[in-house]
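[1] the sequence and its predicted three-dimensional model are supplied below.
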Amino acid sequence: MAKFTLQSRSALERYIMSFDGVTLKEVADFGLVSIAAPIGGEKKLIQAVKKSYGCDLPAVGSSDVSKNSELRMLGLQPGQWFAFFPHAGDDALSSVSEKLGMGGYYTDQSDSWAVLEISGERAREALERICPLDLHPTAFPKGAVSRTVMEHLGVINLRTGEDTFTLMSARSSAQSFLHAVETSIRNVI
Amino acid sequence: MIINHPLLGPRDASEFTYLGDASLIDRPDWQTDNAQELFHEYLYLRDNPAGEHRELWFHEQGDRSWLVVTRSTLTHEITKVELARDVAISRRRDE
Amino acid sequence: MSTSNRLNDGLIDRSRPMSFSFNGKIMGGFEGDTLASALLANDVKLVARSFKYHRPRGVFSAGSEEPNALVELRTGAHQEPNTRATVAELFDGLEATSQNHRGSLKYDLMAVNDWLSPFLSAGFYYKTFMWPKAFWEKLYEPAIRASAGLGRLSMEVDPDTYDHGFLHCDILIIGAGPAGLAAALTAGQAGARVILADEDFRPGGRLNSETLEINGAPGHVWAEQALSELNALENVRVLTRTSVYGAFDHGIYGALERKTDHLADSSGKPRQVLWRIYSKAGILTAGATERSIAFGNNDRPGIMLSGAVRAYANRYGVAAGKRISIVTNNDDGWRTAIDLTAKDVEIAAVIDTREGSPKAVIPGASIVMGGRIVDTRGRHGLTSIALSNGQNIPTDCLAVAGGWSPNVHLTCHQRGRPVWRDDIAAFVPGEDLPVGMRVAGAANGTMTLAAALRDGEDKAITVLGDLGFSATSPLDLVAQDEPSDIEAFWHVKESMGRCFVDLQNDVTSKDVSQSHLEGFRSVEHLKRYTTLGMATDQGKTSNVLGLALMAATSGKSIEETGTTVFRPPYSPVPIGAFAGRSRGEDFRPVRHTPSHSWAKDQGAIFVETGMWLRAQWFPKPGESHWRESVDREVTQTRNSVGVCDVTTLGKIDIQGRDAADFLNKVYANGFAKLPVGKVRYGLMLREDGIVMDDGTTARLGENHFVMTTTTANAVSVFRHMEFCRQCLWPDVDVHLISATEQWAQFAVAGPKSRALLEKIVDADFDLSNEAFPFMGCAELTICGGTPARLFRISFSGELAYEIAVPTRYGNSLAEVLMQAGKEFDVVPYGVEALGVMRVEKGHAAGNELNGQTSALNLGMGRMVSKKKDCIGNTLSERDGMNRDDAVRLVGFRPVDRSAQLKAGAHFVSRGKSAITENDEGWMSSVAYSPSLGHSIGLGFIKRGHERMGEIVVAADPLRDAETDVEIVSAHFIDPEGERLRG
């Protein structure tokens, strides 16, 4: 009989740190589920998403927010999206697949990524030191999302506000990722 | 170098991985009589043009698209960038 | 503190005095000084010894082109050699020392080289150190090494940090002189995103060093106004202390920003930032560099470029001498005389190499038109000059105005070659510029102020048009074009003494002609043979002069002679800046397995595998050798149960209607008919028939598979499968996503593994051999509802499972497995024990899948299906890959069981010598098998499968060993596979 229980850990132990003009914190308790459209099934999936979440499956490079503004759909590659939403449990996958049904292919990514949010008026200045993307609002407006490479690490960068960016990188290298972002902040502030 | 991604716009080449000649899309039919010969040519015999070259790049640190990039080997000028999947589909249609 | 050469005015802040030291002597300067201007203000003329002849040298220029005044800056670990005093900003407490001398700077013992100069001309090394051969290593090399190199390293770890960064703009403007500022104002006002970069700490370029006026005010005042206007524009970024050092493909520029070099203390901030600047267009307004004239002994301290003498007077308020002379071949030299006269500095003479009437009235000065300087005097500083007309003029500073060379360097970083313009006696940018680049101002050969301002504005308007912006109102700048006529003059042929061309490398006019005589007739050969234009200054003040001399020697025009190729960097970039943060522990990111923190608590020893840190073994108290720990881990696993974190294996989630077909094509063996709930070993080939990777793939649903790859190939296999999906079979309905990071996966291996797992799987799951046999897989819950995946696969050869939970639970699962397994004597094992067990079982791994082996070599030739199309099967049928004597993977054991086998040994038949002709294969992996009590190996040998029992020699000439080994089955343990099916 099972008398053992497993303890959950966030990738960065709920790190949070404030600097002059920048705040950096771990985003924990989220669900992240990849959604892929079967060939020929895009229309059906778009309808299902519209019906369940009231948002679009956005083009690659952009994102869309659900009607209740809790979930954000990220367009990451042709035919593939990430649903990103607050979620504490380990059943993010079923919470999406049950809503959207058989029309898509779903893979749980909630444990694959360490997620940081960097915000504040000097956030962009700090990101200049690691992020090769042009983060000027005309080139990377609110809602824009892109995968790129920072200090040798693959990172998904999502702009959620004028001065707020969500950065996702592989969970196994979470410490190196945090160190890279933190160093960028310390190097400018 | 900068590759002007058809979906994402200009991106630094460091996000990409290079494979080689775009002719790798045209994989021979394994059931033809001279399949071995065709595969040998497919895999080993490449043009080495001084000038325009169509080549495959993978946006590994990006959207994971394979691209067909038309680049001058003399000047690095890139004149065309296409999704390799689109290229592959249209070539199949042409066959 | 003596500041005997200070004048009034200048752009220094006299309210902020600073003290600094040079060779231990404390001196004073002001904020706004460079080390060079402060030294000159203190009447320090001798600052360095030249590289080859150890000749006394002084400050020659007032900018980054400096060939002479190289010093060691700072002390201890912070010490930096070859720093140009002309760009080193003065700060309070700066410590500088001169370099390249033995003994004191004034009485350098190496100055004997100067007397030996007749023997040390071009090609000296090539000609001299030839024979006898016995001298090469013992005599020549130590002697050459002792005198080679310039400056000393601290030999300590660099305590400074460096950073990288990325900037984006519509227009990058390189150089904030008049043309650059006009361009930036025009582009900035039009709303374009502009970056204006300038290497100086005070933007303005020559405006800071001249008395020319714009809009009725001194040029530097206008520059200041322009800058404050630019700084107020949100779309403009001004980078000072920033050298754009290279123009790369597609509008990418490299730039080095010196962040803290001008501060006594960096406060922990990066010293320098290496920027990668992405631009849609570039405007090069890098100005021009003045050059020298070759005449006898033209290298003494006190002999400087004319524009530099003017810069020290106008910008720094320093007279470079007390009785200054000027030699010029152009109108610009006269302005030095005019400006200095206006500051009441005594002018001894103006010597113009041109005939005609004087260009200005200089009271008290001898004016010599058509004059030639043939020699100079003054051992540690200039005292007089001698003219060809017999005149001898006492003077302590000679300003040399040989004309200005546009800074075309960045225009040539791709394919561009500059073109010669006779009217200004200089090279200007050619047609073939880097993509998006335009050139304005002096860099473009537009040498006068009003024209340069107009050129900057015009080029900006053109670029704005190209980018879809429209310029607002014209700048309407009011300025004059100063006289700038020039008649090329290079070399005083009647000189007495050596005429230096390249001061930094001690290349003389004679070296240039000698190199021509010896057949080095291309400019590139001239450069390599004489070292003209090499080292830190890259010949900025000397190249054109050298080319002109070479052209004269060969009877060709300068145009025909051409230039050497300009390559990045424009000015020196420290290696530390290129490395950025990638040093020490931050060289590469580190990947931790989900149970890393638990393993660390257990005292595990870790090993790097790629970026991963994996537990290598878990030493116990009393174990003093790694083998003790590893043997124990293997034995305990085989006797009871062991646990190993195997998360690092790549996992790829594969879904789609065509997923099974797709796998059938990317794997050499069949996958179409794999039942749901089953796992299969898969062999992946490259198209050429060589094995690419292997792993197991589980079918979780009709259209859902999970593939595992080796740790090393996780990325390349994913890339390959995306290639297959997008490029080869674009119509298939298959989607791939990496799930490596999602699941924490543990191998639970050993006879008690089932018993252990029974304690943690939830009640509804039946683990019995009947319900969940070998190669089964399932999604289930464990520990009261936690989702998990279970695979019954075995790498060790034991009854074994791999269990996966979402990564968040990984560390906890390791603890739980240990707790639950306590009663079975569970042991954690590391990759070393994992490796031993796989060798004992005869499983191929990285050493065997080395990119040279085929399925046939690995003994899996029959797995390659001939009935379907899959990557690699057509070419794996080639005759050459199916020879009868192909090597086969087999096991080896030493005949003398106490012998230790070595991987890398090659096999030869007994009685044959260990030479290539007799080579029959190689040992790929070895291990000490605690289960068998002796060393065992896996390896490839010709026809190995037919030679069981044969004894061959494992020859290892590199380590001088020959061991008799017996060919045996690769399956040392449980060859029938009873254990893993039990």
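    Looks like it arrived, so ask away. Numbers count the residues shown, from 1 in each chain, chains lettered A, B, ... in the order given.

[2] and for residue C:913, the neighbour number?
    Per other C-beta atoms under 10 Å in any protein chain shown, the neighbour tally for residue C:913 reads 10. Heads up, the C-betas are built off the backbone N, CA and C, glycines and all.

[3] again with the one 4 residues further on
    Neighbours of residue C:917 under the rule other C-beta under 10 Å: 7.

[4] wasn't it part of a helix?
    Yes - the assignment for residue C:917 is a helix, going by DSSP: H, G, I helix; E, B strand; the rest coil.

[5] measure it to chain B for me?
    Using C-beta to the nearest C-beta, to the nearest Å, we find residue C:917 at a distance of 28 Å from chain B.

[6] spatially nearest residue to residue C:864, not counting backbone neighbours?
    If you skip the residues right next to it in sequence, residue C:864 has residue C:668 as its closest partner in space, 4.4 Å away by C-beta to C-beta, 6 or more residues apart in numbering or on different chains.

[7] ok, and the closest non-adjacent residue to residue A:156?
    Counting by C-beta to C-beta, 6+ apart, residue A:156 lies nearest to residue A:168, which is 4.2 Å off, once chain neighbours are set aside.

[8] next one: residue C:898
    Closest residue to residue C:898 apart from its sequence neighbours, by C-beta to C-beta, 6+ apart: residue C:934 at 7.2 Å.

[9] is it true that that neighbour touches residue C:928?
    Yes - the pair residue C:934 / residue C:928 is scored as a contact, 7.4 Å apart, by C-beta atoms under 8 Å.

[10] remind me, longest helix of chain A?
    Longest helix in chain A by number of residues, with DSSP state H as the criterion: helix A:174-188.

[11] ok, residues contacting it?
    With contact meaning C-beta atoms under 8 Å, 6 or more residues apart in numbering or on different chains, helix A:174-188 is reached by A:11-12, A:15, A:17, A:19, A:22, A:24, A:26, A:114, A:116, A:118, A:122, A:125-130, A:150-151, A:153, A:155, A:167, A:169-170, C:161, C:163, C:268-270, C:581, C:586, C:589-592.

[12] can you select the buried ones among these for me in PyMOL?
    Those of the contacts of helix A:174-188 that meet the burial criterion (16 or more other C-beta atoms under 10 Å in any protein chain shown) are gathered into one PyMOL selection, given here:
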select buried, (chain A and resi 11+12+15+19+22+24+26+114+116+118+122+125+126+127+128+129+130+150+151+153+155+167+169+170) or (chain C and resi 161+163+269+270+581+586+589+590+591+592)
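
[13] so which of the contacts of helix A:174-188 sit within helices?
    Those of those lying in helices (DSSP H): A:125, A:126, A:127.

[14] just give me the neighbour total for residue 93.
    Here I'm looking at chain A. A count of nearby residues for residue A:93, using other C-beta under 10 Å, gives 21.

[15] wrong one, chain B
    Counted with other C-beta under 10 Å, residue B:93 comes out at 7.

[16] residue C:77 versus that one, what's the distance?
    66 Å (C-beta to C-beta, to the nearest Å).

[17] same check on residue C:842?
    To residue C:77, residue C:842 is 54 Å away according to C-beta to C-beta.

[18] tell me the SS of residue C:755?
    Taken by three-state DSSP, the conformation at residue C:755 corresponds to helix.

[19] that one reaches residue C:824, doesn't it?
    Yes - counting by C-beta under 8 Å, residue C:824 is a contact partner of residue C:755 at 6.1 Å.

[20] which residues are common contacts for those two?
    Shared contacts of residue C:755 and residue C:824, counting by C-beta under 8 Å, 6+ apart, come down to residue C:641.

[21] ok, back up a step: pLDDT of the longest helix of chain A, averaged?
    In this model, helix A:174-188 has a mean pLDDT of 98.

[22] the closest residue to chain B within the stretch 1-150 of chain C - how many residues pack around it?
    Across the stretch 1-150 of chain C, the shortest distance to chain B (C-beta to the nearest C-beta) belongs to residue C:64, at 28.1 Å. Burial measure for residue C:64: 19 neighbouring residues, criterion other C-beta under 10 Å.

[23] residue contacts, the residue lying closest to it once chain neighbours are set aside?
    Excluding the flanking residues, the one nearest residue C:64 by C-beta to C-beta, 6+ apart is residue C:571, at 4.8 Å. When contacts are counted by C-beta under 8 Å, 6+ apart, residue C:571 touches C:64, C:199, C:243, C:245.

[24] and the residue nearest to residue A:156, how close does it get to residue A:98?
    Distance check for residue A:168 against residue A:98: by C-beta to C-beta, it reads 24 Å.

[25] for those two, indicate the residue with more neighbours.
    The neighbour comparison of residue A:168 against residue A:98 (other C-beta under 10 Å) goes to residue A:168, with 25 against 11.

[26] A helix includes residue C:458, no?
    Yes - secondary structure assignment places residue C:458 in a helix (three-state DSSP).

[27] please name the nearest non-neighbouring residue to it.
    Taking C-beta to C-beta, 6+ apart, and ignoring the residues beside it in sequence, residue C:458 has residue C:440 as its nearest neighbour in space, at 7.4 Å.

[28] pretty sure residue C:884 contacts residue C:856?
    No - using C-beta under 8 Å as the test, residue C:884 is too far from residue C:856 to be in contact (10.8 Å).

[29] ok, the two, which is more surrounded?
    Just comparing residue C:884 and residue C:856: by other C-beta under 10 Å the higher neighbour count belongs to residue C:856, 21 against 7.

[30] next, the contact list for the more buried one, please.
    C:876, C:881, C:882, C:886, C:888 are the contacts of residue C:856 under C-beta under 8 Å, 6+ apart.

[31] 7 Å instead, please
    C:881, C:882, C:886 (C-beta atoms under 7 Å, 6 or more residues apart in numbering or on different chains).

[32] can you read off the pLDDT for residue C:153?
    According to the per-residue confidence, residue C:153 scores 88 in pLDDT.

[33] could you check how many residues crowd around it?
    Counted with other C-beta under 10 Å, residues neighbouring residue C:153 total 11.

[34] quick check: residues of chain A near chain B?
    A:60, A:61, A:76, A:77, A:78, A:132, A:146, A:147, A:148, A:149, A:154 (C-beta under 7 Å from any C-beta of the partner chain).

[35] redo those as a markdown table? Include pLDDT, distance to residue C:783 and neighbour count.
    Written out in a markdown table, the entries for the residues of chain A next to chain B read as follows (pLDDT from 0 to 100; distance: C-beta to C-beta, whole Å; neighbours: other C-beta atoms under 10 Å in any protein chain shown):
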| residue | pLDDT | distance to residue C:783 | neighbour count |
| --- | --- | --- | --- |
| A:60 | 97 | 39 | 22 |
| A:61 | 97 | 41 | 21 |
| A:76 | 96 | 33 | 22 |
| A:77 | 95 | 35 | 22 |
| A:78 | 94 | 39 | 18 |
| A:132 | 97 | 43 | 22 |
| A:146 | 97 | 38 | 27 |
| A:147 | 97 | 34 | 24 |
| A:148 | 97 | 38 | 21 |
| A:149 | 96 | 37 | 19 |
| A:154 | 97 | 32 | 18 |
